[in-house]
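Colleague: Sequence plus predicted model, see below.
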Amino acid sequence: MKVASCGIHGFHETIGLDVDAIRVYWALESHEYARQSAYRVLISTSDLAHTDQASSPADTAWDSGKVSTDEQRNILCKPAKGFHSTCSYYWRVTVWDEKDVATNSEVQSFFTAYPRSQLLPPYSMNQKYMPHSSLIFRTWFEDIENKWKAVWIGDGGDKPLYLRKSFDLARKPSKAIALASGLGHFDLHVNGQRASDHVIDPGWSNYHRTVQYVGYDLTTHLDAGQNVLATHLGNGFYAGSGTEEDRFFWPMYEDNTYVRYGNELCFFAELHLFYEDGTHDIIHSDPSWKVRKSATTLANIYASETHDKRLYPSGWTSPGFDETEWVAAKPLTGPRGLLRYQSQPPVILHDKLEPQSITVPRPGVVCFDLGQNASIMLHLSVEGPAGAEVIVRYSETANEDGTVLMPDQLFKDFETKVYSKIFLAGTGTPEDWRPDFSFTAARYIQIEGVSMEEGQGLPVVRSLYARHISSASQRVGSMKTDKEDVNALIKASHWSLSSNIFSYHTDCPQIEKFGWLEVTHLLAPASQYAFGMEALYTKIIYDMIDAQEPSGLVPTMAPEIRYMCGPLHDTISWGGALCLLPELLVKYYGSTWVIPQVYPAAVRYMDYMKTKERLGGLIEHGLGDWGRDIAWGNLQANIETAYYYKCLQNTSMMAEHLGLTEDARKYQTWAARVLEVYNRELLITDEESSQHVYYTSRDNIGQRDCQAVAQAYALQFNMVPTKHIASIQRAFLTSVSDNRIRSGELGLKCIFETLIDLHRPDIVLAMARQEEHPSYMRFLRKGETTFLEFWQDECRSKSHDLFCTIHEWFYAGVLGIRPRGDAYKTFSIEPPYESEFKDVEGQVDCPYGRIAVKFKETAEMVLLNVTVPVGTEASIRVPENLGASVKVTRSGSEEKASRNGNYLELKNGDFTIEFR
């Protein structure tokens, strides 16, 4: 048995942690049956590579001792005095198997920032001569080791700029760590190279409440002699720009409700240099840095940029550059938000998308089809004379001649006012351009002012491709079936999900880029099969806490970049994500890290929702099943009340976790009251003309209806009295018997989950394959490669993830993998026996390791190949008509598997199972 991987809950990267306690986890591997019997976690400020299992270094920060348990996740490590500031820590886990044989993990490390300091000091605080205020600021200087040293700097304006700091080092440091932030976005460089593969750093947030900073390990980039730390700074959502050059930005629509957080782009950095003799030096941002305006004169987050190659100061990020014409940076007040480490995965560039076809609709205009719609950053190489102007336009839809098209007349600005403009320097060689601080969703690219060949009197396009931009979250799942149309849907769903995961989970990367909250919990079951989402969900919870209003209301988006009104501002199926995500983190990752922070906010939100009750417990003021028949607010009482009930249960769960027994009981009693009202007002048991008990909506007061979504919500939220469950299931099946989708994004999830429970893949496939909308397959028949915003042939947005709940069905209903215990500690495998699927295979890297399934079915037998990770147990459903003969082989030898009703129970290992 060996430790395959380790990590810290809630953090993707670990350079700049700002906490005084961490929770760690690990995964195990073994070719033979193995079980962890004990663990020991050791954290020290010295490298543990040569420390044996029994010893404890003198500089130990945390030692759990040997703990007899099989737990591998959510292990709290909390030093009595917290962690030191700006310090490297090393940690290791030792595990013992059932024979008491010990094995060590690889040594892990993290670097702390300032766990007990959350604001940058004003510039005056960094001045050595302050006799007039020495007593006032005495407490600050008494604890200077735990305070930030840097100050916000810039040029006092809101246009992109360059900043650089040249410095000499007498010797090479043994470790060099930079902690930095730039608002809206920044690219950090050191000695002519990018400091990392990140783009669009830092993550978006409510900058009045929170500003994220980023950590970089620059050890390999620095040497003795002259060095340079440099940054390029752009607008982002912090100080959005565009209207002055007639480019699209959200203030151009309706009322001016976009939040402009600041009017001065600003940056700070601390470079911590450590030497073998124990010396620790700090170089930080202050007026000694040099600054000048950028060659990128417009950086609009909606994909409009203006870049003048003639203004670019070549070599500005490298030593030896002449900066005599640059001016001293200005110390700035900066944003109000407290500093928080960028704990979620950074945004990076992934797949390379090459043009699949090129058209020239008219002289000077060249159009490219990338073949795949996705969130992208474009890479363009053009050769031409100095001053030549090149225009780049993007679209998810094209006209017949290949030119870009926005099919929704209301959003024509995305066709006419979203574009990038490049002025060439005329170097006589191809000039490369990539957006500095913007991205969009596009399949079609239109380049104006160019040609594809010489002799046209125009700049020549030498190359063009796009890079998919998305979160660096681990890619954890893949699968394929013997049905090509299903495989195409899996691919389209994956691209739709991946194109909407950044520093928060948005619903579209082109039109809005807003942090709508319903997708976070609706798509959590789907997303966790595709990506490692724990750290991102943790950050989203912090965003919701920041967005909460004094009344307790959690709005529909976080960060709340644009203020909405009415139900678009106040809907529990959106804002309720505050209470829903903590439970999902426990369910999928076994993590309770955020519960102490989120619980007080959840209490305030439940108190707010109580003021919205009707008829003693119903909630009816939300958006309902958004997306049905374009955007129809139906079934509010069923949907909003179900989320209210679930939020109350989750608040009780959090209270119980925190040891608040009375609070836990209070919210359970509260939830029980809501459940009683729900069933009293919506459950119909006395209708003689109906064969079934069913739930009605209150869409038309006084009229009863039996909609599939109403039945599915009651079933999935465990709101049906036990004696009525079978009848409600029959009512549900009757409602979907014509195989038509009658739901929006909220109802769709519960419909698919209910069909998984009832083992009816045939209905899902029939729904997906309808000729007319609503239909998934119609998207593909029309040539789409991602899902659209609504059930339409043409939409304003074609990279929406609202309907990606079907991704959960692919993995849970077709591949058959579903978690039972927290973090897949126990899980089931239930392939769709006796369906049209006869050959399915795939894998999911769950928190304990890889689960792999290969399923083949013939008339005589079912063959299953299953991999069960160490530390987990799998329950394999036995086919009802093929359970007479069961043969289980593990690692080449036959093995007896325990049987529990219709399930085989398996420990870890690689298994081949034959059902005949």
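Modeller: Received the coordinates, thanks.

Colleague: okay, now Gly455: neighbour count?
Modeller: 7 (other CB atoms under 10 Å). Glycine gets a C-beta too; all of them are placed from N, C-alpha and C.

Colleague: Please identify the helix or strand for it.
Modeller: Counting by DSSP states H and E, no helix or strand carries Gly455.

Colleague: what about the nearest residue to Pro832 once chain neighbours are set aside, distance to Arg877?
Modeller: Spatial nearest neighbour of Pro832, chain neighbours left out: Pro761 (4.5 Å); criterion: CB to CB, 6 or more residues apart in numbering. As for Pro761, its distance to Arg877 is 14 Å (criterion: CB to CB, to the nearest Å).

Colleague: Against Lys513, how distant is Ala374?
Modeller: Counting by CB to CB, the gap from Ala374 to Lys513 is 15 Å.

Colleague: between these two, which one's more packed in?
Modeller: Between Ala374 and Lys513, counted using other CB under 10 Å, the more crowded position is Ala374 (27 against 24).

Colleague: average model confidence for the helix or strand containing the more buried one?
Modeller: Secondary structure assigned from DSSP H and E places Ala374 in strand 365-383. For strand 365-383, the mean pLDDT works out to 98.

Colleague: List the buried residues in that strand.
Modeller: Buried positions in strand 365-383, judged by neighbour count with 16 or more other CB atoms under 10 Å: 365-368, 370, 372-383.

Colleague: what does stretch 477-493 give?
Modeller: Buried residues in stretch 477-493, counted by 16+ other CB under 10 Å: Gly477, Ser478, Met479, Lys480, Thr481, Lys483, Val486, Leu489, Ile490, Ala492, Ser493.

Colleague: First-to-last residue distance for that stretch?
Modeller: Stretch 477-493 has an end-to-end distance of 13 Å (CA to CA, to the nearest Å).

Colleague: Which residues does that stretch contact?
Modeller: Stretch 477-493 has contacts (CB atoms under 8 Å, 6 or more residues apart in numbering) with 526, 529-530, 765, 768-769, 776-777, 779-780, 784-787, 804, 806-807, 810-811, 814-815, 836-845.

Colleague: pLDDT of that stretch, averaged?
Modeller: In this model, stretch 477-493 carries a mean pLDDT of 97.

Colleague: re the thing from before, among the buried residues of stretch 477-493, which lie within helices?
Modeller: Judged by DSSP state H, the subset of the buried residues of stretch 477-493 located in helices is Val486, Leu489, Ile490, Ala492, Ser493.

Colleague: measure the third one to Glu808 for me?
Modeller: Taking CB to CB as the criterion, Ile490 is separated from Glu808 by 12 Å.

Colleague: same question, Ser44
Modeller: Ser44 is 42 Å from Glu808, by CB to CB.

Colleague: ok, back up a step: for the strand holding Ala374, the distance to its chain's centre please.
Modeller: Put simply, strand 365-383 sits 25 Å off its chain's centre (CA atoms, centre = their mean, to the nearest Å).

Colleague: Paired strands for it, with orientation please.
Modeller: strand 357-362 (antiparallel), strand 431-433 (antiparallel), strand 440-448 (antiparallel), strand 460-471 (antiparallel) (DSSP bridges).

Colleague: just the helices in the stretch 451-600 of the chain please.
Modeller: Assigned by DSSP state H, counting those that start in this stretch, the helices in the stretch 451-600 of the chain fall at 484-498, 518-522, 524-527, 534-547, 572-575, 577-589, 595-610.

Colleague: now the ones you listed in JSON lines, with distance to Glu245?
Modeller: JSON lines is the format used below for these (distance: least, CB to CB, whole Å):
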{"stretch": "helix 484-498", "distance to Glu245": "31"}
{"stretch": "helix 518-522", "distance to Glu245": "32"}
{"stretch": "helix 524-527", "distance to Glu245": "37"}
{"stretch": "helix 534-547", "distance to Glu245": "30"}
{"stretch": "helix 572-575", "distance to Glu245": "34"}
{"stretch": "helix 577-589", "distance to Glu245": "36"}
{"stretch": "helix 595-610", "distance to Glu245": "40"}
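
Colleague: hey, which of those helices is tucked in deepest?
Modeller: Ranked by mean neighbour count, the helices of the stretch 451-600 of the chain are led by helix 572-575 with a mean of 29 (mean count of other CB atoms under 10 Å).

Colleague: And that one, what does it pack against?
Modeller: helix 636-657 (3 or more CB pairs under 8 Å, 6 or more residues apart in numbering; DSSP states H and E).

Colleague: Return the set of buried residues in the helix it packs on.
Modeller: For helix 636-657, by 16+ other CB under 10 Å, it's 636-655.

Colleague: same deal with stretch 886-896?
Modeller: Taking 16+ other CB under 10 Å as the criterion, stretch 886-896 shows Val886, Val888, Arg890 as buried.

Colleague: can you tell me which of those residues are in helices?
Modeller: Of these, none are assigned to helices by DSSP H.

Colleague: Just name the closest of these to Asn902, please.
Modeller: Val886 (11.5 Å; CB to CB).

Colleague: could you check the distance from the spatially closest residue to the closest one that is not a sequence neighbour over to Val3?
Modeller: Using CB to CB, 6+ apart and skipping residues adjacent in sequence, the residue nearest Val886 is Phe915, 5.9 Å away. As defined by CB to CB, Phe915 lies at a distance of 35 Å from Val3.

Colleague: Can you give me the first-to-last residue distance of stretch 329-344?
Modeller: The first-to-last residue distance of stretch 329-344 comes to 30 Å (CA to CA).
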